[in-house]
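Participant: Next comes the sequence, and after it the predicted model I'd like to discuss.
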Amino acid sequence: MIEGRCICGSVTVELPRPPDYLNACNCRLCQRSGGVWGYYPADEVTIRGETRRFVRNDLSEAFLANLFCPVCGNAAAWVALDPEYARMGVNMRLFEPEVLRGIETRFPDRLNWEKEDTPAVLHDPRPYGDGRIL
């Protein structure tokens, strides 16, 4: 079991294990929330403490809600708005770097992710802790 927390400690996230990989996306939401995401089935994630939700209103169709700490504002996770979608993203920046060191970090080019004809290209996957993410 690994545990992460927001900067003020009001929100904690428990996971059964480190993620298979980290996703450092460059879409507008990820850039502005500061998230580096690990993915888990929703039933494997325990979030303790009060969170607030943010759903983008600049898209024709929103797909997810970001959960964040109302005290310090740290992004904690995202959940799908479609209840049939069982995967969620956890902001791995809430966890100590030692827990994540060596995990592959992917850099998908999703700045234009709304456009169906724009492919998501992975740029130079590297392990976490190589100086690009810390």
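Facilitator: Now that the structure is in, tell me what you want to look at. Numbering: from 1, shown residues only.
Participant: residues making contact with the one helix or strand L67 maps to?
Facilitator: Here L67, judged by DSSP states H and E, is contained in strand 64-68. Residues outside strand 64-68 that contact it (C-beta atoms under 8 Å, 6 or more residues apart in numbering): 29, 33, 47, 51-55, 74-81, 89. Where you see a C-beta, it was placed from the backbone N, CA and C, and this is true even at glycine.
Participant: now the strands for this structure?
Facilitator: With DSSP state E as the criterion, the chain has strands at 2-5, 12-15, 22-23, 37-41, 46-48, 52-55, 64-68, 75-80, 87-91, 104-106, 126-127.
Participant: Now those in TSV, please, with extra columns for mean neighbour count.
Facilitator: Below are these laid out as TSV (neighbours: other C-beta atoms under 10 Å):
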stretch	mean neighbour count
strand 2-5	17
strand 12-15	18
strand 22-23	22
strand 37-41	19
strand 46-48	13
strand 52-55	13
strand 64-68	21
strand 75-80	23
strand 87-91	22
strand 104-106	17
strand 126-127	16
